[in-house]
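> A structural model of the following input is requested.
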Amino acid sequence: MQNGMHTDRERCVRAVQSKDARFDGWFFTAVVTTGIYCRPSCPAVPPQPVNMVFHPSAAACQQAGFRACKRCRPDSSPGSPQWNQRADLTARAMRLIADGVVDREGVPGLAVRLGYSARQVERQLLAELGAGPLALARAQRARTARLLIETTTVPMADVAFAAGFSSIRTFNDTVRQVFALSPSELRARAPKEAAARPPETAPATGPGALNLRLPFRAPLHPDNLFGHLAATAVPGVEEWRDGAYRRTLRLPYGYGVVALTPAPGHIACRLTLSDLRDLTVAISRCRRMLDLDADPAAVDDQLRTDPVLAPLVDKAPGRRVPRTVDEAEFAVRAVIGQQVSTAAARTHAARLVAAHGDPVHDPEGGLTHLFPTPGALTSVDPGTLAMPRTRRTTLTTLAGRLADGSLRLGADSDWAEARARLLEMPGFGPWTADIVAMRALGDPDAFLPTDLGVRRAARDLGLPSTPGALTARAQAWRPWRAYAVQYLWATDSHPINLLSRPGAAGGATPAGPRPGGRARAGRRGTP
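Numbers count the residues shown, from 1 in each chain. You can find the predicted model right below:
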């Protein structure tokens, strides 16, 4: 799929007429005779093609005067996969907007983070998305407001400010314009819709707690996704409990605890937040961690062109790359996990968490801390770290550069630049830099040719097993080499791949780490 798909009218019409959910989030259909806009898979009878107008974003539809369809809820579509598979200005801007930067820092703050003028950012977003950063942030605020209105009993004034609106009047006007209902009318409709709503999406009753669904593009094969997160979970920060992956979240206004469970057609998400203003950011980070905005059809179609990978893809289509909610945290854990077993990496990280992490309250489980900030880690006495001296130096150097801002890892990172800066530091070789690029920064084409697990899988499959020859063969897998790594890793019996039993979304439900699991022998690291 190419950028500007909304300009391919014939293709868009076909997608709408076939109600193809794969295109949800790629474009939006505005109907000139009704004044509403829909996702391509809207269950309503498709309008006549002459009455369809296509837009690249929900914000563009709203700016053109269309209101959201009450039936298909286009504002809850999966995000466009473009923003997670590109590293250009538009993609980086969209990731930052999703992370709430415009609400917290305004358009000037967004521009500073991107290294461009506000005018350049505005021009680029208008050209590609039909809406500027303020309109895109407004559409996001409307989506967050509707979620709070329908799934909580929070007073409307609190909903307005939690969603990022600067005034009650702006909140009321925006909700009416986008949804053609007042906030109170939206809440009044919620009980009727909740009657048909699965239990995990019923309104939560605890303070700051919400139950919601995270949509994704099918298929999704969750075994390695949740298996990897559960098998490498740092005690106190993460846990596997009652069929859900749970972890703490460090957020702009406070902290949160999230429980994520795979279910047919969605990921069930239970969020408990110390400050509801963090809702949008928490959802965005959870979606990125689970790679829910990926386009599995494009990924798998490309990988199937290799006759060696094709059977692996056909056996378990829709594998995702397990990522992170905190890029700096993952980089630290990548260093801790260099050349040690999964169990040893978890033990080392848990000691840092207990000594330097901020405590949190988790009445529903056993989570105790937030992962330490880079600033907190700069005060660590290297002599207390039970690891080789060279790795201690790598860890303290990394923490220092993250803390002073000379190294920035985040949604706005330029992947190539960040990788180059990582390689400049002592103790950072290609494996560590590439695993950070893959799982922290989200580069879909990051590749690990020196990883012994990848090399062993390649050897067993009849692929070249030396790094140079394997890299040459993998050129055919671009730009999805990070996903090819997931399929190669899945051929092994490591615990990250053994966390499933038949019966859930895409064919598996994580069942918890199996006893006796050991780290993959010879892996360069296990973050």
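> wait, doesn't Arg95 sit right on Ala411?
Yes. The pair Arg95 and Ala411 passes the contact test of CB atoms under 8 Å, sitting 3.8 Å apart. Backbone N, C-alpha and C define where each C-beta goes, glycine included.
> Report the set of residues contacting both of the two.
Each of Arg288 lies in contact with both Arg95 and Ala411 under the rule CB atoms under 8 Å, 6 or more residues apart in numbering.
> Which stretches in the stretch 51-200 of the chain count as helices?
With DSSP state H, counting those that start in this stretch as the criterion, the stretch 51-200 of the chain has helices at 58-63, 82-85, 89-98, 101-114, 118-129, 133-151, 156-162, 168-179, 183-194.
> out of these, deepest packed?
helix 58-63 (a mean of 25; mean count of other CB atoms under 10 Å).
> what distance separates that one from the middle of the whole chain?
23 Å (CA atoms, centre = their mean, to the nearest Å).
> what packs against that helix?
Under the contact criterion of 3 or more CB pairs under 8 Å, 6 or more residues apart in numbering; DSSP states H and E, helix 58-63 touches strand 28-31, strand 36-38, strand 67-68, helix 133-151.
> and the ones you listed as a markdown table, adding mean pLDDT and distance to Gln338?
A markdown table is the format used below for those (pLDDT from 0 to 100; distance: least, CB to CB, whole Å):
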| stretch | mean pLDDT | distance to Gln338 |
| --- | --- | --- |
| strand 28-31 | 94 | 45 |
| strand 36-38 | 94 | 49 |
| strand 67-68 | 92 | 48 |
| helix 133-151 | 91 | 38 |
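> returning to that earlier point: out of the helices of the stretch 51-200 of the chain, nearest to Leu212?
Checking those against Leu212 by CB to CB gives helix 133-151 as the closest, at 6.2 Å.
> Is the residue sitting nearest the centre point of the chain inside a helix or a strand, and which specific one?
Centroid-nearest residue in the chain, with CA atoms, centre = their mean: Arg288, separated by 0.7 Å. Using DSSP states H and E, Arg288 sits within helix 279-290.
> Just the CA trace of the helix or strand that that helix is followed by, in CSV.
Per DSSP H and E, the first helix or strand lying C-terminal to helix 279-290 is helix 296-303. Extracted as CSV, the C-alpha positions of helix 296-303 are listed here (Å, rounded to 0.1, in the frame of the first residue of the first chain):
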residue,chain,number,x,y,z
PRO,A,296,0.0,-8.0,8.9
ALA,A,297,-1.3,-8.5,5.3
ALA,A,298,1.5,-6.4,3.9
VAL,A,299,4.1,-8.0,6.1
ASP,A,300,3.1,-11.6,5.6
ASP,A,301,2.6,-11.2,1.8
GLN,A,302,6.2,-9.9,1.5
LEU,A,303,7.7,-12.6,3.7
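> List the buried residues for helix 296-303?
296-300, 302-303 (16 or more other CB atoms under 10 Å).
> I'd like the average pLDDT over that helix.
Averaged over helix 296-303, pLDDT sits at 94.
> what comes into contact with it?
1, 22, 81, 217-220, 309-310, 313, 317-320, 444, 477, 480, 483-484, 487.
> Now find how far off-centre that helix is within its chain.
19 Å.
> residue ranges of the strands in the chain, please?
Using DSSP state E, the strands found in the chain span residues 28-31, 36-38, 52-55, 67-68, 209-215, 238-241, 244-250, 255-263, 266-273, 500-501, 509-510.
> Name every strand pairing with the first one and say which way it goes.
With DSSP bridges as the test, strand 28-31 is paired with strand 36-38 (antiparallel), strand 52-55 (antiparallel).
> Mean neighbour count for these - can I get that in CSV?
Output for the strands paired with strand 28-31, formatted as CSV (neighbours: other CB atoms under 10 Å):
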stretch, mean neighbour count
strand 36-38, 25
strand 52-55, 20
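> what about the ones you listed, which gets the closest to Leu229?
Taking the strands paired with strand 28-31 one by one with CB to CB, strand 36-38 is closest: 33.9 Å.
> contacting residues around the closest one?
Outside strand 36-38, the residues touching it (CB under 8 Å, 6+ apart) are 16, 28-31, 44, 55, 58, 61-62, 66-69, 71-72, 74.
> ok so, going back, let me see the contact set for the residue nearest to the centre of the chain.
84, 95, 323-325, 411, 442.
> Then Pro40?
12, 15-16, 19-21, 23-24, 26-27, 29.
> Please check those residues and keep the buried ones.
12, 15-16, 19, 21, 23-24, 26-27, 29.
> ok, those vs Gln48, which is closest?
Val16 (10.8 Å).
> Quick check: the closest one touching Val53?
No. Distance between Val16 and Val53: 11.4 Å, which falls outside the contact criterion (CB under 8 Å).
> got any residues that touch both of the two?
Common neighbours of Val16 and Val53 (CB under 8 Å, 6+ apart) are Thr29.
> low pLDDT regions in the protein?
1-4, 191-208, 494-527 (pLDDT under 70).
> can you put the contacts of Pro40 in a markdown table and add distance to Ala376?
Listed next are the contacts of Pro40 as a markdown table, based on distance: CB to CB, whole Å:
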| residue | distance to Ala376 |
| --- | --- |
| Cys12 | 50 |
| Ala15 | 49 |
| Val16 | 51 |
| Lys19 | 50 |
| Asp20 | 48 |
| Ala21 | 44 |
| Phe23 | 44 |
| Asp24 | 41 |
| Trp26 | 41 |
| Phe27 | 44 |
| Thr29 | 49 |
